[in-house]
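Novice: please work out how this folds:
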Amino acid sequence: MSGTLRDVLARHVARQPERILLVAPETGRTLTYRELDRQARQLARWLRLAGLRRGDKIGLYLHNGYQTALLFLSAMIGGYVIAPLNLHAQRSQLAYVLDHCDCKVLFTCREQEAPLADALAAVRRRIEVIVIDPDAPALFLEERLPPGDWPEVSADDPALLMYTSGTTGTPKGALLTHRNLIAAARAVGGWHALTPQDRVLSSLPLYHINGQVIATVTPFVTGGSLIAPHRFSVSHWWDHAERHGATWINMVPTIIAYLLNAAEPNRAYRFPRVRFGRSASAPLPPEQHRAFERTFGIPVIECMGMTESSSIVFANPQDAARRKYGSPGLPCGVEAKVVAVESGEVLGAQAAGEICLRGTNVMAQYYKSPEQTAKAFDAAGWLRTGDLGYRDADGFYFITGRLKELIIKGGENIAPREIDEALLRHPAVLEAAAVGVPDANYGQDILACIVLKPGEQVAEAALREFCLAELGRYKTPRQFRFLAELPKGPSGKVQRLKLAELA
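Specialist: Numbers count the residues shown, from 1 in each chain. Alright, predicted model coming up:
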């Protein structure tokens with residue numbers, strides 16, 4: 001039986017109450033399982049007095065920190081649904097999610113007040129905003145709260161509402177239950193042979209499914225611990241690992257690229273306590289994979305996850321002799337198959353098609369989106385991932401493209417249409433289509449293909465400045481290409497995959 005995250009905490013408090021769950025390296029502050037239990041109970045009482053009921057949504061607009069992790073876990077343990085918000089989201093997207101997710105209380109910090117206030121101005125309902133210090137030793141709560149039981153919670157109650165970009169640019173809220181999260185954590189823990197003695201170093205943000213499930217829920221379920229710096233820093237990464245006793249490190253290809261770039265050529269790096277590194281959220285180039293292992297002496301397990309599947313789909317074996325570079329690995333905690341895109345026929349080894357998944361960790365629905373939910377699943381309950389790929393004769397999966405056409409830059413999903421629409425607001429642009437192109441640092445970066453209006457001219461630098469103002473630095477294309485026309489299908493739809501092939 002899966003149980004709930006509250007059941008998990010109760011077992012840890014009974015068996016290992018003083019074991020450390022969280023290390024905040026900036027302050028050296030630690031969180032034990034006993035202290036998590038105490039503060040989770042306080043939060044549940046405070047939320048009840050504030051008028052919230054079981055299953056109500058709580059927003060989280062914070063960078064990583066002691067309080068961020070504490071709120072993230074405590075809200076779910078208390079019977080509420082946590083809705084982390086992406087700090088990179090532009091105003092319109094943030095406003096949409098705030099309105100759609102129905103959160104009644106939202107936690108933020110001083111440095112995020114301005115962008116949050118800007119987005120809240122476009123939200124039609126009232127949200128109580130609470131500004132906290134992510135590094136404070138305890139929650140803002142008053143010590144003398146009246147006693148009371150927290151709401152009942154069951155395995156099939158929702159615990160996490162995580163928004164993921166769609167191809168139209170409108171985010172979809174994947175609603176994940178206690179059962180989903182625990183199944184995913186147990187699959188990851190079993191695959192990597194994690195024990196209570198293991199400690200992960202992860203700087204991936206708690207508004208990303210990898211940072212949520214792999215780096216936080218998995219150590220919590222397995223009884224281990226995590227080192228959670230505010231953000232990734234090349235200069236502090238290995239010091240955090242050594243000083244705080246990491247036994248594994250959680251990365252994305254961008255982190256691997258930066259660590260390799262900063263490596264001193266004549267230094268012999270060896271970290272005997274670190275058993276392995278894990279890389280996911282974007283494809284890891286094989287040459288970088290090999291270079292990292294060679295430079296730092298740490299085996300890297302390439303994996304793949306999705307928001308809809310609680311961040312776990314495929315993983316390479318721990319056994320180095322069986323791993324395959326360029327593949328996200330074997331099914332981990334799920335059933336997987338490849339089907340023909342048009343007919344849905346199950347395909348054999350080496351045949352390319354759409355990858356479909358089914359498993360206990362897979363979400364039940366998109367929040368308030370029955371039509372999107374129906375499109376995502378077939379009649380037998382298989383999730384259509386939108387990823388194109390194939391399975392080889394050994395059962396390893398390989399990803400070759402995306403039906404969804406999402407750009408994944410540094411592990412973050414970017415909808416091409418967001419960039420298209422921004423470019424179309426430029427007076428000289430007639431047509432625009434953005435696509436993802438391979439990038440050594442980010443996995444993918446953005447190429448914008450432009451058709452100018454007749455007689456118009458515009459410099460690439462001017463378009464870049466325009467995009468910086470409209471989209472922000474992260475979503476501004478790295479490259480621009482001017483074309484006479486965009487490739488289109490019979491219906492007039494732009495064929496992005498052809499643009500990607502041309503690039």
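Novice: any idea how this structure splits into domains?
Specialist: 5-302, 407-502 (automatic domain parsing).
Novice: and residue 368, which of those is closest to it?
Specialist: Of all the domains of the chain, domain 5-302 sits nearest to residue 368, with 6.7 Å by CB to CB. The way it works is simple: take the backbone N, C-alpha and C, and place the C-beta from them, glycine included.
Novice: returning to that earlier point: out of the domains of the chain, indicate the one that is most buried.
Specialist: Mean neighbours per residue, mean count of other CB atoms under 10 Å, is largest over those for domain 5-302, with a mean of 19.
Novice: got the domains of the chain as CSV, with mean pLDDT columns?
Specialist: Below are these laid out as CSV (pLDDT from 0 to 100):
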stretch, mean pLDDT
domain 5-302, 93
domain 407-502, 87
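Novice: which of the ones you listed sits closest to residue 342?
Specialist: domain 407-502 (14.2 Å).
Novice: which residues sit against whatever helix or strand residue 21 lives in?
Specialist: For residue 21, the host element (DSSP states H and E) is strand 20-24. Applying CB atoms under 8 Å, 6 or more residues apart in numbering, the contact partners of strand 20-24 are 29-33, 36, 65-66, 69-70, 135, 199, 219-220, 225-229, 244.
Novice: still on that earlier bit, the domains of the chain into CSV, with extra columns for distance to residue 357?
Specialist: Shown next, in CSV, are the domains of the chain (distance: least, CB to CB, whole Å):
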stretch, distance to residue 357
domain 5-302, 12
domain 407-502, 17
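Novice: and the strands in the stretch 201-350 of the chain?
Specialist: 225-227, 248-251, 276-279, 300-304, 314-315, 330-331, 335-339 (DSSP state E, counting those that start in this stretch).
Novice: of all those, which lies closest to residue 286?
Specialist: strand 300-304 (9.2 Å).
Novice: so what strands line up beside the closest one?
Specialist: Each strand paired with strand 300-304, and its direction, by DSSP bridges: strand 276-279 (parallel), strand 314-315 (antiparallel).
Novice: quickly find the element holding the residue nearest to residue 160 when sequence neighbours are not counted.
Specialist: The spatially closest residue to residue 160, leaving aside those adjacent along the chain, is residue 176, at 4.4 Å (CB to CB, 6 or more residues apart in numbering). Using DSSP H and E, residue 176 maps to strand 172-177.
Novice: now the element after that strand, going C-ward?
Specialist: Criterion used, DSSP H and E; the element after strand 172-177 is helix 178-191.
Novice: got the CA coordinates for that next one in CSV?
Specialist: The C-alpha coordinates for helix 178-191 follow below in CSV (Å, rounded to 0.1, in the frame of the first residue of the first chain):
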residue,chain,number,x,y,z
HIS,A,178,0.3,11.2,-2.6
ARG,A,179,0.3,7.8,-4.3
ASN,A,180,1.9,9.2,-7.5
LEU,A,181,4.7,10.9,-5.6
ILE,A,182,5.5,8.0,-3.3
ALA,A,183,5.5,5.5,-6.2
ALA,A,184,7.9,7.7,-8.1
ALA,A,185,10.2,8.2,-5.0
ARG,A,186,10.3,4.5,-4.3
ALA,A,187,11.1,3.7,-8.0
VAL,A,188,14.0,6.2,-7.9
GLY,A,189,15.2,5.0,-4.5
GLY,A,190,15.1,1.4,-5.5
TRP,A,191,16.8,2.0,-8.9
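Novice: re the thing from before, which one of the strands of the stretch 201-350 of the chain lies nearest to residue 127?
Specialist: strand 225-227 (29.1 Å).
Novice: identify all contacting residues around that closest one.
Specialist: By CB under 8 Å, 6+ apart, strand 225-227 touches 19-23, 25, 69, 198-202, 215-216, 219, 240-241, 244, 246.
Novice: in the stretch 1-150 of the chain, which spans are helices?
Specialist: Using DSSP state H, counting those that start in this stretch, the helices found in the stretch 1-150 of the chain span residues 5-15, 33-49, 66-77, 91-101, 113-120.
Novice: residues contacting the fourth one, please?
Specialist: Counting contacts by CB under 8 Å, 6+ apart, the residues outside helix 91-101 that touch it are 57, 59, 83, 85-86, 89, 106, 115-116, 118-125, 127, 161, 163, 169-171, 173, 367-368, 418.
Novice: go again using 7 Å as the cut-off
Specialist: 57, 59, 83, 85, 118-120, 122-125, 127, 161, 163, 170-171, 173, 368 (CB atoms under 7 Å, 6 or more residues apart in numbering).
Novice: and that helix, how far out from the chain middle?
Specialist: Centroid displacement of helix 91-101 relative to its chain, using CA atoms, centre = their mean, to the nearest Å, is 18 Å.
Novice: tell me what angle it forms with helix 113-120.
Specialist: On the basis of axes from the mean of the first three to the mean of the last three CA atoms, to 10 degrees, helix 91-101 is oriented at 70 degrees to helix 113-120.
Novice: what's the answer for the first one, then?
Specialist: With the same axes, to 10 degrees defining the directions, helix 5-15 sits at 150 degrees from helix 113-120.
Novice: which elements pack onto helix 5-15?
Specialist: Secondary-structure packing of helix 5-15 (3 or more CB pairs under 7 Å, 6 or more residues apart in numbering; DSSP states H and E): helix 33-49, helix 66-77, helix 178-191.
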